[in-house]
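> Take this sequence and fold it.
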Amino acid sequence: MSDKTADAYKFVLRLPKPLMRRLKQQAKRNSVSLNTEIVNQLEGYEAATLKRTTEIMQPLLEEAVRASAATAAGVAAEVMLLGIFRPRTEADLLEHLEQIDAPKELAERALAAFRTSEAAKQPEKSHGSSATISADMATTTGTFTTLRTPEKK
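Alright, predicted model coming up:
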């Protein structure tokens, strides 16, 4: 029959008196030896730390997932509204948003994206440069469509 302490190590450990009293009380309460109580607590410390960490991180992780999903849904809706429906005017976009009963946040984001794309379509005012580049944001390819050189008068 093998000795269950054959792979155990023996060492001397100095403990503060209040800690020693508390460990003895816990050992008595759990009906185990002082040695077993100390080993159990040492082994349980890692599990307890992991459990506390999980309890702290779980709500944060869930919130991050919800926020990511909401952001992805908003971006997808913007792409759909501006890419597929391709409103020509702000009024067209607002009318379509009203027809689909879009949430206020989505409507605001789509309107902002539409205004940004419309602003990008406008030729930039040249400050002494010889060429103006404008991007056609209404297309889904995102390619530059015009390269104009101002005519000399």
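
> where along the protein do the strands fall?
Taking DSSP state E, the strands of the chain run over residues 132-135, 144-148.

> Need the pLDDT of residue 30.
Here, the pLDDT recorded for residue 30 equals 85.

> what's near enough to touch the closest residue to it other than its chain neighbours?
Nearest residue to residue 30, sequence neighbours excluded (CB to CB, 6 or more residues apart in numbering): residue 37, at 6.2 Å. All C-beta atoms are positioned from the backbone trio N, CA, C, and that covers glycine. Going by CB atoms under 8 Å, 6 or more residues apart in numbering, residue 37 touches 23, 26-27, 30.

> could you measure the most centrally placed residue in the chain against residue 118, distance?
When the chain is reduced to its mean C-alpha position, the nearest residue by CA atoms, centre = their mean turns out to be residue 64, at 4.1 Å. Taking CB to CB, to the nearest Å as the measure, residue 64 falls 33 Å from residue 118.

> before we move on, the earlier item: using CSV, lay out the contacts of residue 37 together with neighbour count.
Shown next, in CSV, are those (neighbours: other CB atoms under 10 Å):
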residue, neighbour count
23, 16
26, 15
27, 18
30, 12
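
> Helices - which of these land there?
Of these, the ones assigned to helices by DSSP state H are 23, 26-27.

> Could you dump those residues into a markdown table with pLDDT and distance to residue 49 added?
A markdown table is the format used below for those (pLDDT from 0 to 100; distance: CB to CB, whole Å):
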| residue | pLDDT | distance to residue 49 |
| --- | --- | --- |
| 23 | 94 | 19 |
| 26 | 90 | 18 |
| 27 | 91 | 22 |
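
> What is the nearest of those residues to residue 72?
For these, the minimum distance to residue 72 (CB to CB) is 49.8 Å, reached by residue 26.

> Once you drop chain neighbours, what's closest to the closest one?
Closest to residue 26 by CB to CB, 6+ apart is residue 37, at 5.5 Å.

> show me where pLDDT drops low in this protein?
Judged by pLDDT under 70, the chain has its weakly predicted residues at 1-5, 45, 77-78, 80-82, 124-153.

> how about a cut-off of 90?
Low-confidence segments of the chain (pLDDT under 90): 1-11, 13, 30, 36-37, 39-53, 66-153.

> Great, nothing more from me.
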